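*Asks:* One predicted model, sequence on top.
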Amino acid sequence: MFGLLGYLTSPIGLVSLGLLVLCVVHSIRSGNIFPWIYVMVFLPGIGPLIYLFMVIVPELWRGRGAQTLKRGAARAIDPNKDYRAAMREVEMVGSVDAKRALAEQLMGRGQYGDAIELYRSALQGQFAADPALLVGIARAQLLSGDGAGAQASLDTLHAADPKFVSESAHMIYARALELQGRDAEAAEEYARLVPYFAGEEARTRYAALLDRMGRRDEARAIYAQIVKNLTGAPSRYRKAQKQWGDIAGRALKA
């Protein structure tokens, strides 16, 4: 009783007690009861610290968030590391997967022309209608400003596999039509894309196109739906869709 009273009346004791409870609960939930429960009970001061640094910290460090943080730190220290690795893989192996990985790196660097050429070198033989390669080159063509080329690449994919469905490919197709000034066709594609597209980008682009086409009332209704979708949504979703929510909010105030 006196030991517990000491914990409760001392700031350090409260921290130690909190850490002990945390470690005991973690050990029970993770199935690490034995022998750790004895270490923590019979070494009340140092035991929980041992458990914290030998079990909990390594577990957190292996988690997805920690891995993302480590990758981010590595990119900040050496932003060209992944690019060099992809380049070496193409030089040493030269496989289709290696070329696709390097093409993605090139797109991330804004080198769309180089990415397109690399995709073309991979779109040969049995890989001439490969969905990943055709969607990849279509994205690179769209970003380079070649809407007709992006549409042609996806038309090739559709001809090879009429049942192929991809929200990202559908988005590229609609944007490719819009880039060519084929607004009516683009609007039809956006209308078909919106119901199954994850997130608010398709809605926002559709509303912006309708607005530009003079269909203001329809555009405002879609913008209002975007704002409604984000209001009260989980914080992670709101954060991920902030760009599109901001565009919708500004459009409604205009």
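*Replies:* That came through fine.
*Asks:* I'd say A219 and L210 touch.
*Replies:* Yes: contact between A219 and L210 holds when scored by Cβ atoms under 8 Å: they sit 4.1 Å apart. Any C-beta I mention is one placed from the backbone N, CA and C, and that applies to glycine too.
*Asks:* Is R212 in contact with G181, as I believe?
*Replies:* No: proximity of R212 to G181 does not meet the contact threshold set by Cβ under 8 Å, at 10.8 Å.
*Asks:* Name the residue in the two with the higher neighbour count.
*Replies:* Counted by other Cβ atoms under 10 Å, R212 and G181 do not tie: R212 has more neighbours, with 13 against 9.
*Asks:* roughly how far apart are the more buried one and A187?
*Replies:* Using Cβ to Cβ, to the nearest Å, R212 is found at 10 Å from A187.
*Asks:* okay, and the common contacts of those two?
*Replies:* Both R212 and A187 lack any common contacting residue under the criterion Cβ atoms under 8 Å, 6 or more residues apart in numbering.
*Asks:* mind showing which ranges of this protein have poor pLDDT?
*Replies:* Counting by pLDDT under 70, the ranges of the chain that qualify are 1-14, 32-33, 41, 44-45, 59, 61-79.
*Asks:* repeat that for 50
*Replies:* Regions of the chain meeting the criterion pLDDT under 50 cover residues 1-7, 66, 69, 73.
*Asks:* Name the residues that touch stretch 84-92?
*Replies:* Among residues not part of stretch 84-92, those counted as contacts by Cβ under 8 Å, 6+ apart are S95, A98, K99, A101, L102, E104, Q105, L118.
*Asks:* In helices, which of those appear?
*Replies:* Of these, the ones assigned to helices by DSSP state H are A98, K99, A101, L102, E104, Q105, L118.
*Asks:* just to revisit the earlier point, taking the contacts of stretch 84-92, tell me the two that lie furthest apart.
*Replies:* Across the contacts of stretch 84-92, no pair lies farther apart than S95 and Q105, at 15.0 Å, counting by Cβ to Cβ.
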